[in-house]
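**Student:** Give me a model of this one.
(one chain, ligands or ions: 1)
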Amino acid sequence: MIAFGLILIVLIVVVKIYNMVTKGRCTSKAKLNGKTVLITGANGGIGKETAIDLAARGARVILGCRNLKSAEDTKQEIISKTGNTNIVIYPIDFESLTSVRKFSKLIHEKENRLDVLINNAGAVGLGNKTTEDGLHILMQVNHFGPFLLTNLLLDLLKKSAPSRIVTVSSLGHIFSSLDPDNLNKPRSDELKYFNSKLCNILMSNELARKLEGTNVTSNSLHPGVVHTEIMKHLPWYKRLPVSFIYWFFFKNAKEGAETTIHCAVCEKVDGISGKYFQDCKEYWTLPITSNRELSVKVWNKSMELIIGGFWNLFKIIGGFYL
Ligand SMILES: NC(=O)c1ccc[n+]([C@@H]2O[C@H](COP(=O)([O-])OP(=O)(O)OC[C@H]3O[C@@H](n4cnc5c(N)ncnc54)[C@H](OP(=O)(O)O)[C@@H]3O)[C@@H](O)[C@H]2O)c1
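**Tutor:** All right, here's what the predicted structure looks like:
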C-alpha cells in the first residue's frame, strides 16, 4: 500500500514537471495596431484569453459569440485589463448555418479588413441532435460551421493580406476514424469530437494549398489539455473527474491560449502555412492529416452538405447570402 502511494506521488510529480517544462509560451512582442482580428467563441476559456492578449497588442478585436450577455462581460473585462476600447461583439451561433451567413454579412457590412481569423469556438458532448440544417450538431458546431464561415470570409482575408487563419483543433484527432462519405454520421459520441477535430486540420491544410500565392496563411493547432468550460455539456459524473484532472495536471486557459496567440502574431510564423502547432512550435501529426485525396474529399463533401438543398443554392446564387 505504501509502495503504491509512493509510486502514485512520483507519477503525479513527474507528470506535473513534464507539463511545466513542455508548456510553450508565445515570446513575440508583435503589435497589432491597425489590424483587425476575429475570434469565435471568445466569451470564455481559450478564446477569451486569446482576445485579451490580442487586444493588449492594439488590435481591433471582434468577439464572435452566441451568448451576448457573457460576451458583453468579456468585452468589459478586456477593456479594463488592456485599456483597448476597440472591441466589438457580433452574434454567431454555429448550430445554425443561417446565423453563420448573417454573421458573415454583418462583417462584410461593418468591417473593411480582416487580418486574423481565429476559428476557436468548439464543443464536446452535444448529444445526437440534428440541426435545422439537417447536419449532426457537433459536426456542425466544430467543423461545418467554421468551414462555412472561413469560406465566406476569404475575400476579406485576401484583401487584407498578409493575413492569417488559425484553427483550434485538438490532439484528440489521433483517435479519429473518419469516413468522408459519412461525415455527418459518426459512430460514437467520442468519435464525433475526434472526427470533427481531424476535419479542422484537413480543412486548414487544404485551405493552405488553395491559398498558395495569396499571402493568406492557414495553420491549425492543439492548445494542450486545458482547464476550461469545454466539458460543460457532459453529465456531472463525467465532467467532475475530468475537470479535476485537467485543473490539477494541465494548463489553465491563459496557458492554453499561448499557441493560438503564437500562430496569430509571431513573426516566426510569417509565411508558414499548412502546418500543425502545439506548445508554440510545429508539431507532429498523423500522416492522414496530409493525405490530399482525403482532404479534397472532406472539403467537397462538406461543401455539398452545407450548401444543402436547392433552396439554399438558389439563395446563395441569388446573393441573399454571401
Ligand atoms: N480545453 C481543452 O482541453 C481543449 C483541448 C483541445 C482542443 N480544444 C479546443 O479549444 C477550443 C476552445 O475550447 P475551450 O477549451 O476554451 O472551451 P470553452 O471554455 O467551452 O469555450 C468554447 C467557446 O466556444 C463557444 N461555442 C460553443 N458552441 C458554440 C456555438 N454553437 N456557437 C458559437 N459559439 C459556440 C462557447 O460559447 P458558449 O459560452 O456560448 O457555450 C465558448 O465561447 C475548442 O475548439 C476546443 O475543441 C480544447
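
**Student:** from here on, contacts and neighbour counts on C-alpha atoms
**Tutor:** Will do.

**Student:** Check whether Ile46 really touches Ile261, as I assumed.
**Tutor:** No: using C-alpha atoms under 8 Å, Ile46 is not in contact with Ile261, being 10.0 Å away.

**Student:** So which of those two has more stuff around it?
**Tutor:** Neighbour totals were compared for Ile46 and Ile261, and Ile46 leads with 27 against 22 (other C-alpha atoms under 10 Å).

**Student:** I'd like to check what contacts the strand or helix carrying that one. Which residues are they?
**Tutor:** Ile46 belongs to helix 45-56 when assigned by DSSP states H and E. Residues outside helix 45-56 that contact it (C-alpha atoms under 8 Å, 6 or more residues apart in numbering): 32, 37, 39-42, 61, 63, 74, 78, 81-84, 87, 120-121, 228-230, 253-254, 256-258, 260-261.

**Student:** The ligand next: which of the residues you listed are close?
**Tutor:** Filtering those for proximity to the ligand by C-alpha under 6 Å from any ligand atom leaves Gly41, Ala42, Asn120, Ala121, Thr228, Glu229, Ile230.

**Student:** which parts of stretch 106-125 are buried?
**Tutor:** For stretch 106-125, burial by neighbour count (16 or more other C-alpha atoms under 10 Å) applies to 107-108, 113-125.

**Student:** That stretch: end-to-end distance?
**Tutor:** End-to-end distance for stretch 106-125, by C-alpha to C-alpha, to the nearest Å: 30 Å.

**Student:** Contact partners for Gly274?
**Tutor:** Ser204, Asn205, Glu206, Leu207, Ala208, Arg209, Thr217, Ser218, Asn219, Ser220.

**Student:** Look up how far the ligand lies from the closest residue to it other than its chain neighbours.
**Tutor:** Distances taken as C-alpha to C-alpha, 6 or more residues apart in numbering place Asn205 nearest to Gly274, at 4.5 Å, with adjacent residues excluded. According to C-alpha to the nearest ligand atom, to the nearest Å, Asn205 and the ligand sit 17 Å apart.

**Student:** Let the chain start at 51 from now.
**Tutor:** Okay, using 51 as the starting number, the last item reads as Asn255.

**Student:** Mean confidence (pLDDT) on the helix or strand hosting Asn255, please.
**Tutor:** Assigned by DSSP H and E, Asn255 falls within helix 239-260. What helix 239-260 shows for mean pLDDT is 92.

**Student:** helices or strands next to that helix in the packing?
**Tutor:** In terms of contacts (3 or more C-alpha pairs under 8 Å, 6 or more residues apart in numbering; DSSP states H and E), helix 239-260 is packed against helix 187-189, strand 213-218, strand 266-272, helix 342-357.

**Student:** sorry, back to before: filter the contacts of helix 95-106 down to just the ones in strands.
**Tutor:** Mapping the contacts of helix 95-106 onto strands (DSSP state E) picks out Val87, Ile89, Thr90, Val111, Leu113, Ile137.

**Student:** The residue nearest to Glu182 when sequence neighbours are not counted: neighbour count?
**Tutor:** Nearest residue to Glu182, sequence neighbours excluded (C-alpha to C-alpha, 6+ apart): Ser146, at 6.7 Å. Residues lying near Ser146 (other C-alpha under 10 Å) number 19.

**Student:** distance of Ser146 from the ligand?
**Tutor:** Ser146 sits 8 Å away from the ligand when distances are taken as C-alpha to the nearest ligand atom.

**Student:** Which residues are in contact with the most centrally placed residue in the chain?
**Tutor:** Note on the chain: the residue nearest the mean C-alpha position is Asn170, at 2.6 Å, using C-alpha atoms, centre = their mean. Taking C-alpha under 8 Å, 6+ apart as the criterion, Asn170 is in contact with Ile89, Thr90, Gly91, Ala92, Ile96, Gly97, Thr217, Val218.

**Student:** let's see it at 6 Å
**Tutor:** Asn170 sits next to Thr90, Gly91, Val218 when contact means C-alpha atoms under 6 Å, 6 or more residues apart in numbering.

**Student:** Excluding chain neighbours, what is closest to the first one?
**Tutor:** In space, and not counting its chain neighbours, Thr90 is closest to Gly114: 4.4 Å by C-alpha to C-alpha, 6+ apart.

**Student:** Looks like that neighbour contacts Val138 (just checking).
**Tutor:** No: here Gly114 does not reach Val138: they are 8.7 Å apart, not a contact under C-alpha atoms under 6 Å.

**Student:** give me the low-pLDDT residue ranges for the stretch 51-200 of the chain?
**Tutor:** The stretch 51-200 of the chain contains no residues with pLDDT under 70.

**Student:** could you pull out the helices for it?
**Tutor:** 52-72, 95-106, 118-132, 147-160, 187-189, 195-209 (DSSP state H, counting those that start in this stretch).

**Student:** nearest to Ser293, of the ones you listed?
**Tutor:** Evaluated over the helices of the stretch 51-200 of the chain, closeness to Ser293 peaks at helix 95-106, with 13.1 Å, by C-alpha to C-alpha.
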